[in-house]
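Colleague: Here is a sequence with its predicted model. Questions after.
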2 protein chains.
Amino acid sequence: MNMLNRREALKLGSAALGAAVVSSAGEAAALPVERSPEVARWEIFHYTVRGPAEGNPFVDVELKAAFRQGHREVEVTGFYDGAGVYMVRFMPDTVGEWSFTTRSNVKELDGRSGTFRVVEAKPGVHGPVRVANTHHFAYEDGTPYFPFGTTSYAWVHQSEALQEETLHTLKGAPFNKIRMCVFPKHYEYNHNEPPFYPFPHTGAKPGDADWKNDFTRFNPEFFEHIEHRLADLQALNIEADLILFHPYDRWGYQSMPADVDDRYLRYVLARFSAFRNVWWSMANEYDLMKAKRTSDFDRLFHIVEMEDPYAHLRSIHYSVVAYDYSRPWVTHGCMQSAKFDVATLYLADWRKPVLFDEVQYEGNLNKRWGNLSGDEMTRRFWLGVINGCYVTHGETLLDADSEMSENTTPTLWWSHGGTLKGTSPAQIAFLRRLVEESAKSSGGVVVRAGLEADAKPYYLNATAYEQDKKTARTILYFFDDHAPIWYEFPLPAGTFKAEYIDPMEMTITPVGGTHTGKATIRLSGKPFRGMRFTAV
Amino acid sequence: MNMLNRREALKLGSAALGAAVVSSAGEAAALPVERSPEVARWEIFHYTVRGPAEGNPFVDVELKAAFRQGHREVEVTGFYDGAGVYMVRFMPDTVGEWSFTTRSNVKELDGRSGTFRVVEAKPGVHGPVRVANTHHFAYEDGTPYFPFGTTSYAWVHQSEALQEETLHTLKGAPFNKIRMCVFPKHYEYNHNEPPFYPFPHTGAKPGDADWKNDFTRFNPEFFEHIEHRLADLQALNIEADLILFHPYDRWGYQSMPADVDDRYLRYVLARFSAFRNVWWSMANEYDLMKAKRTSDFDRLFHIVEMEDPYAHLRSIHYSVVAYDYSRPWVTHGCMQSAKFDVATLYLADWRKPVLFDEVQYEGNLNKRWGNLSGDEMTRRFWLGVINGCYVTHGETLLDADSEMSENTTPTLWWSHGGTLKGTSPAQIAFLRRLVEESAKSSGGVVVRAGLEADAKPYYLNATAYEQDKKTARTILYFFDDHAPIWYEFPLPAGTFKAEYIDPMEMTITPVGGTHTGKATIRLSGKPFRGMRFTAV
């Protein structure tokens, strides 16, 4: 092992990034690694090797590695990390002995090999999130995953201190997914320059006369920085719903030539795919990207399908014209909408999970999309869940005495991260608890991921969310704006206890007694209440 | 003038029913009325005459009258009122001398004539309501009419005391339209028998072994009773949105043969059309009337078109499948829906006014449709108005300690009338005031009926309701669940004062100063607020 540069050393020191094997051009190409390193299931095995730094390795050098276990082989694409360093990352999904061999158009990178051992997953690690049970999700080991996401588009493009504050906030927040952009963001209230740019450039900042991107190369620090944030999120059990393209741009990234888009995408895939907590969102508001057509996004989807060895979740976000979520390469719907009344149609048509990923934000902005009350945000979470879908949070709360201008630079969670100030996160935590308890109550052992198999949720006075109409052990109702003073709840076979739920005050109050058949129960006559039945 | 029976005398004593000429078979057929009676414009001129009582005059006797003024002639159908009494009613719409001549297949009813004088309308009487300005309404004299309706389906079929209580309530309520059924109603919480039945019958009540309707005759007391209620409503300036058919039935009225439907409809038209405050609603939830097809309702619409000399407003109400409101014989949409987000599509497609006549009810029932909070009811009124439409109220508030059964007989405004207990009527009164003030502010003299000519309302952060985008003198905003702390309002040419509106607390608070161009104003950051700009 020869001397590594500072960034490589940093990487090796990052336990979150998993085990690593490091070779160098100075060693014999065929030299086996003496002691196989160990890596836990679903962590990252890193292979780092020195190679040529001259020319433009980003486009000149090809590097692949075949990872093998028995007769199984998984091909993985490596990448150039700058300064003569090449890397291959691999996320093993089975325990046991694995080996690998590289393949390259550069002699000193070709035919290198090694072995390593994959041990059981670390406690609390369940693998990547997969679609499960048609409309729901589970981690790869079968543990249910219920997305309760948030949005912070440009948090990784803020100051180091603010990023740390964001991570600290996330540690105490109820969110297990975050929608975030790879590229920096230009928008109202988003006027700062990012610490890193994805491409080398001339000029200090866009708008300068000499600003020009070199789209033939990448800036590895930019990507490495995001990798550290992916690892940070992984440590918090948060899925990174990575937005690969978006129209909020002053740097030139929204209108790159197709070959640059493709190379950027392949580079992202080579670097990030091995992170188990990555989801691919092809774009935010793809239909606002006027330099692209829908067929461009189809092409980009296909690249992701071909280049991601782990088949992470794939979707795309729209502004006005929805992408066709029925297409086979889309794993789930990603709605900018609060039309929960048609959610069951989406579920029935697409037979995929549906995330209402943008339902507007808790906030007080001068923008239609950014000034919901906290209770309304929470209500939308309930409506989504009750209709068999999932919902994503966002927050745009200005201080009450803020200047009345969009050219200010406040810290708004939705884009910058920082601290959550709203009232909905606590209420969302309460709902998440109810949903997760509901899943756990299914006989004590969770064997299926979703709360309901294939049945669409059905409507009563309230709307009921059930695991299964006939065998439900937990039934969750939300009355929305309906405010009856009594109601007859049709129960499945069995005996149930009943609890009044107040989603906004976050209280659970026993009704008393047990209930069978048609349970007629007196209610508050107040809106936005819920009810939970649990089999006893 | 010969002796009249008790009911005729009552009629003559009813000032609300207008002037009357009474002839009898005992007088010479050609005998002119000695002194022409006077009737005010848009009141009812009654011509009453004795004729045969034998046989079945309801089907055997035809009676028409031609009312003439100069070269103008209006043909009106008379009706048999029982006990040998025949009547013709006419609502004159112009002042001056009128004459009439009858035509009948019965000699003593044929060729009778008379004259009468029509004088100026009484103070506050503006004529029937008409469609005006594409999407709006005005009385026939051009005075704007903004429907702020309520619903009390079966109030005329309750006890006399309860009906009087209903009228007393309406006197103090903000409603200028009431949706009400001609036929009595059978439904949850509706189990009482009506005081009158439309047809003679055997048996005391439906369900009795000997219950049988005689569909070849009518029960005039039933219709006369409703006429008195129409007159009572007229005195309160309330439009009677009369529902002619409905499926809530235990008496046999929802599945009569087509010829009976037609005869019933013609009888209603002959009796009620002369009331200036009548609107025709062909049915409530027409699509739930399984004995009829849509083409039956088309036929009934055509009968109304042909038999109503005054062309009162015509529509029809649905449950699930909307009638095609674009049809030329429908004057306005009648939605059972709260989908205000598509209201502008209805307005653009149909080019008619749209009433959201059933948006669910303020209440606390064990029914999806009857348990909105008062604030939610009010919110729906605002959303309707702001989207260029109108909304109808209803109330289904059980006492908090009511028995938990639908077989009880509480007094619920929605069906029985009585007293209003909810919080929305006061808030609706507040909105009605804002809308009517908005119309009045258009230069001080109202020359057009609607608040906006042809422009669809447009969307900002809030949704703005304007008379005209360029020349608006009053602009009303409603923020719904949006809660900005500042907003930039684009104003038309001119200088405006601004007022904060709280639709729920019913307050109007001046912002201070005057505003032109783009008015940037600090707001509460609380949802469900409004803003009014008025030109100074």
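Modeller: It's in. Numbers count the residues shown, from 1 in each chain, chains lettered A, B, ... in the order given.

Colleague: Need phi/psi at the residue in the stretch 1-150 of chain A that chain B sits nearest to.
Modeller: Using CB to the nearest CB, the single residue of the stretch 1-150 of chain A nearest to chain B is A:Thr150, 19.4 Å away. Quick note: C-beta positions are derived from backbone N, CA and C, even for glycine. For A:Thr150, the backbone dihedrals are phi -130, psi 180 (criterion: degrees, to the nearest 10).

Colleague: now it: how far from A:Thr409?
Modeller: To A:Thr409, A:Thr150 is 21 Å away according to CB to CB, to the nearest Å.

Colleague: Please identify the residues of chain A in proximity to chain B?
Modeller: Contacts of chain A with chain B, taken as CB under 8 Å from any CB of the partner chain, map to A:363-368, A:371-373, A:376, A:398, A:400, A:402, A:404, A:459-461, A:481-488, A:520, A:522, A:525-527.

Colleague: Now, of those, which are buried?
Modeller: In terms of neighbour count (16 or more other CB atoms under 10 Å in any protein chain shown), the buried residues within the residues of chain A next to chain B are A:363-368, A:371-373, A:376, A:398, A:402, A:461, A:481-488, A:525, A:527.

Colleague: Restricted to strands, list the residues you listed.
Modeller: A:Gly363, A:Trp486, A:Tyr487, A:Glu488 (DSSP state E).

Colleague: so for stretch A:133-147, what's the average pLDDT?
Modeller: Averaging the model's pLDDT scores along stretch A:133-147 yields 88.

Colleague: how about that stretch as PDB, C-alpha atoms only?
Modeller: Output for stretch A:133-147, consisting of C-alpha atoms alone and laid out as PDB, is shown next (Å, rounded to 0.1, in the frame of the first residue of the first chain):
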ATOM      1  CA  ASN A 133     -46.700  -5.900  -1.500                       C
ATOM      2  CA  THR A 134     -47.600  -4.000  -4.700                       C
ATOM      3  CA  HIS A 135     -48.200  -0.600  -3.200                       C
ATOM      4  CA  HIS A 136     -45.700  -0.600  -0.400                       C
ATOM      5  CA  PHE A 137     -42.100  -0.800   0.500                       C
ATOM      6  CA  ALA A 138     -39.800  -3.000   2.500                       C
ATOM      7  CA  TYR A 139     -36.100  -3.200   3.100                       C
ATOM      8  CA  GLU A 140     -34.400  -6.000   1.300                       C
ATOM      9  CA  ASP A 141     -34.500  -8.300   4.400                       C
ATOM     10  CA  GLY A 142     -38.300  -7.900   4.500                       C
ATOM     11  CA  THR A 143     -38.500  -5.400   7.300                       C
ATOM     12  CA  PRO A 144     -41.400  -3.000   6.400                       C
ATOM     13  CA  TYR A 145     -40.300   0.500   5.400                       C
ATOM     14  CA  PHE A 146     -43.000   3.200   5.600                       C
ATOM     15  CA  PRO A 147     -41.700   6.400   3.900                       C
END
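
Colleague: Any buried residues in that stretch, and which?
Modeller: By 16+ other CB under 10 Å, the buried positions in stretch A:133-147 come out as A:133-140, A:143-147.

Colleague: What about the buried ones among the residues of chain A next to chain B, which are in helices?
Modeller: Counted as lying in helices by DSSP state H, out of these, are A:Glu376.

Colleague: before we move on, back to that, measure the residue of the stretch 1-150 of chain A closest to chain B to B:Val106 for me?
Modeller: Following CB to CB, the distance that separates A:Thr150 from B:Val106 is 82 Å.

Colleague: One more: A:Gly172?
Modeller: Taking CB to CB as the criterion, A:Gly172 is separated from B:Val106 by 90 Å.

Colleague: who's more crowded, those two?
Modeller: The neighbour count for A:Gly172 versus B:Val106, taken as other CB atoms under 10 Å in any protein chain shown, is higher for B:Val106 (16 against 10).

Colleague: So for the more buried one, what's the pLDDT?
Modeller: What the model reports as pLDDT for B:Val106 is 96.

Colleague: what's around A:Asp208, how many residues?
Modeller: Neighbours of A:Asp208 under the rule other CB under 10 Å: 11.

Colleague: How about it: which residues does it bridge to?
Modeller: A:Pro206 (DSSP bridges).

Colleague: Do a quick rundown of the helices in chain A.
Modeller: Here chain A has its helices, by DSSP H, at A:6-13, A:57-60, A:160-171, A:220-235, A:258-272, A:294-307, A:343-350, A:374-386, A:413-416, A:424-440.
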